[in-house]
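Provided below for reference: sequence and predicted model.
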Amino acid sequence: MKILVPVKQVMDVELNVRVAAGKVVEDGMTLVLSKWDENALEAAVQLKEAGTASEVVVVTVGPESAGETLRKAMAMGADRAVHVLDPAADGSDSLGVARVLAALGAKEKPDLILAGLQAQDTDMGGVGPMTAELMGIPCLSNVTKIEGTGPTLTIHRRGDQGREVIAVTLPALITANDSLNQPRLASLKGIMMAKKKPMDTLTLENLGAAGVAGAAHALTQIAEFQPPAARAAGRKFTGEPEVIAKEVFDLLVKEAKLVG
Amino acid sequence: MGDVYVVAEHLNGELAEMTFEMLVHARGLAGGVGGSVTAVLIGGTDAMAAKLGAADKVIRVAAEADYNPDTYAAGLKAVVDAKKPQVVMAGNTSQGMDLANALSARNNMPMAAACLKVSAAGGNVHAVSQLYGGKMNVTSNLGSGPCVVTVAAGAVSADGGRKDGAPASEDGGKAPAATKLRFKKLIQPEKGDVDITTQDVLVAVGRGIGKKEDIEVAVELADKLKAAVAASRPIIDAGWMPKSRQVGKSGLKVKPKVYLALGISGAPEHLEGMKNSATIIAVNTDKNAPIFDVAHYGLVGDLFDVVEEMMDEL
């Protein structure tokens, strides 16, 4: 089984994300591998370690700096990387990225595509399912458990009313929930080995995907970014426990009529 | 004339809360784009249709009641291709995201996810979505043609979308059977346990509780308050409480009248699951804990001292 793992480099959203003049401030922000992608990669590497997968290929569509993310992924255990590096892809919307990945999917012919549930920056969750739709393969999102060795896998996914257990015949695309696994930290050996692993750099034209992605082809236009509406600041109490406990008690009585 | 089509969601044989919220969003938007509101009910029942009175029309698509992404997506696409609505609205839920993304990709429709607000401006559809784990909003312009949106839960009250009486019904055909996906079973949350999403009052514990035995402190307080105990992720990961009690992004989203957070620092993933609670009271020793940013009332102090004093008061 060959597994393709699409990953995205994102700003570290644990840090203070700010907006200035309707745009996200990128200066001084650290770039990291989006966390759900780490879960997807971990699942792929585990399938390889179990002997189910023969090769794990990691791919990103992104700028020069995204190459670091691919090296990290290879340090975690991916066998090789594909970097779609093309200024023409800048400013793609989810569908644009999905078109590029679908073109790569047609070339690489993976049995399984393992993606993150959503990117940590946009939280949109679009690229995975859209790629599957364009490739005409089934998609199962929000996956918490993968069983079997193929050609049919049993997938547990978090549905809206509980855990759905679904059998899927490969090729297929699944997106990883963060409870699928605990991603490993790259070992020193892994980091050393990653430097020697192959990384192909491709343009949209190389993929036969010229004119399908990038700002000019984005259907969804970003008008502006805003900080969320500030809510009135809450009241903060400090002091002796008995005093503040009394305050809470009064609040419970007044606000919620819970007691008294 | 742009019509708004709402993909009605149903769970366990009942229309989901999200469906009514979407009908509220859709009514506001339909006024802006000059069209009507249609509910698309896939695999639903007559009883469900009879509760869609807030829509002008319902299109019924026959399908298995058990949700199957392939089947439902194909059923929806057939309706959209035949009727060409301007806006297709789904929930930002597991189902809704599957269906919306597939439709957007298949039909080249611009899309915005997790929308708090969808409106018409100068003939275009504009959507305000949350991103960066709720740290930022973005306004997208989806243009004047057909588009897809998914709406975030809890942005509007569902009450305005609840209206009994079936609207005019139209046959939307039968969804094709799925060939590559086979639904095997549904594993529901542990029976007998409390459903934290339906409680009026939640006492939630986080890492600050320190050790497993001390959760008892929260349980006692919750008993007095006729509340249920919930927890943040570290407590669940430690195996101290069942997964069914987890609040947050990878747990459940809750909206109680009162959310009492004890020793929860307020990681973005946790805040996402509880920030829509009507009243949030937080107790934490760290005066800079992010939980205080969303708390209506913040108490800087040791949770055990505070709980002990509260028990005395009670």
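Cool, got the structure. Residues are numbered from 1 along each chain as shown, chains lettered A, B, ... in the order given.

the helices in chain A, which residues?
Along chain A, the segments classed as helices by DSSP state H run A:35-49, A:66-76, A:94-108, A:127-135, A:188-194, A:241-256.

neighbouring contacts of the fifth one?
The one in question is helix A:188-194. A:71, A:72, A:74, A:75, A:76, A:77, A:186 (C-beta atoms under 8 Å, 6 or more residues apart in numbering or on different chains). All C-beta atoms are positioned from the backbone trio N, CA, C, and that covers glycine.

6 Å - rerun?
Counting contacts by C-beta atoms under 6 Å, 6 or more residues apart in numbering or on different chains, the residues outside helix A:188-194 that touch it are A:71, A:74, A:75.

and the first one, how many neighbours does it have?
Counted by other C-beta atoms under 10 Å in any protein chain shown, the residues lying close to residue A:71 total 18.

Sheet partners, orientation included, of the lowest-mean-pLDDT helix or strand in chain B?
Every helix and strand of chain B was ranked by mean pLDDT, DSSP states H and E. The lowest is strand B:181-187, at a mean of 82. Strand pairing for strand B:181-187, determined by DSSP bridges: strand A:163-169 (antiparallel).

does residue B:144 belong to a helix or a strand, and which?
If you go by DSSP states H and E, residue B:144 is not part of any helix or strand.

Per-residue pLDDT of it, please?
On the pLDDT scale, residue B:144 is placed at 93.

Which positions in the stretch 51-200 of chain A make contact with chain B?
Where the stretch 51-200 of chain A comes near chain B, counting by C-beta under 6 Å from any C-beta of the partner chain, the residues are A:121-126, A:129-130, A:133-134, A:138, A:141-142, A:159-169, A:178-179.

Mind giving me the ChimeraX select for the residues you listed, buried ones only?
The ChimeraX selection below is limited to those of these classed as buried (16 or more other C-beta atoms under 10 Å in any protein chain shown):
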select /A:121,122,123,124,125,126,129,130,133,134,138,141,142,159,160,161,164,165,166,168,178,179
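
Can you list the low-confidence ranges for the stretch 1-150 of chain B?
Under the criterion of pLDDT under 70, the regions of the stretch 1-150 of chain B flagged as low confidence span B:1.

typo on my end, chain A
Within chain A, the set of residues satisfying pLDDT under 70 comprises A:230-232, A:253-260.

in the least confident helix or strand of chain B, what's buried?
Neighbour-count burial for strand B:181-187, with 16+ other C-beta under 10 Å as criterion, is recorded at B:181, B:183.

Which strands border the longest strand anywhere in chain A, and is each parallel or antiparallel?
The strand of greatest length in chain A, counted in residues with DSSP state E as the criterion, is given as strand A:139-147. Partner strands for strand A:139-147, per DSSP bridges, with pairing direction: strand A:152-158 (antiparallel), strand A:172-176 (parallel).

Buried deepest among these, which one?
Compared across these, strand A:172-176 shows the largest average neighbour count, a mean of 27 (mean count of other C-beta atoms under 10 Å in any protein chain shown).

what angle do that strand and helix A:127-135 make?
Per axes from the mean of the first three to the mean of the last three C-alpha atoms, to 10 degrees, the angle that strand A:172-176 makes with helix A:127-135 is 170 degrees.

How about residues contacting strand A:172-176?
Outside strand A:172-176, the residues that touch it by C-beta under 6 Å, 6+ apart are A:36, A:39-40, A:43, A:113-117, A:128, A:132, A:137-141, A:143.

Which helix or strand contains residue B:202?
Following DSSP H and E, one finds residue B:202 within strand B:201-205.

just the CA coordinates of stretch B:165-178, formatted as CSV?
Only the C-alpha atoms of stretch B:165-178 are listed here, as CSV (Å, rounded to 0.1, in the frame of the first residue of the first chain):
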residue,chain,number,x,y,z
GLY,B,165,-46.3,22.5,10.0
ALA,B,166,-44.9,20.9,6.9
PRO,B,167,-44.1,23.4,4.0
ALA,B,168,-45.0,22.5,0.4
SER,B,169,-43.1,19.3,-0.4
GLU,B,170,-41.4,18.3,-3.6
ASP,B,171,-39.9,15.0,-4.7
GLY,B,172,-36.1,15.2,-5.0
GLY,B,173,-35.7,11.6,-6.3
LYS,B,174,-33.7,8.9,-4.7
ALA,B,175,-30.1,9.0,-3.7
PRO,B,176,-27.9,6.4,-5.5
ALA,B,177,-26.6,3.6,-3.4
ALA,B,178,-22.9,3.9,-2.3
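
how about that stretch, does it reach chain A?
No - contact check for stretch B:165-178 against chain A, using C-beta under 6 Å from any C-beta: none in range, with a minimum separation of 7.8 Å.

sorry, back to before: of all the strands paired with strand A:139-147, which one is nearest residue B:138?
Closest approach to residue B:138 among those is made by strand A:172-176 (21.5 Å; C-beta to C-beta).

check contacts around residue 215.
I went with chain A, as the question did not name one. Shown in contact with residue A:215 (C-beta under 6 Å, 6+ apart): residue A:91.

That was the other one, I meant chain B.
By C-beta under 6 Å, 6+ apart, the contact set of residue B:215 is B:205, B:209.

what about it, which helix or strand?
Element membership for residue B:215, per DSSP H and E: helix B:215-224.

So for that helix, mean pLDDT?
In this model, helix B:215-224 has a mean pLDDT of 91.

Tell me the secondary structure at the nearest residue to residue B:153 once chain neighbours are set aside.
Once flanking residues are discounted, residue B:153 sits nearest to residue B:18: 5.9 Å by C-beta to C-beta, 6 or more residues apart in numbering or on different chains. Under the three-state scheme (DSSP: H, G, I helix; E, B strand; the rest coil), the conformation of residue B:18 reads as helix.

Fine by me, we can end here.
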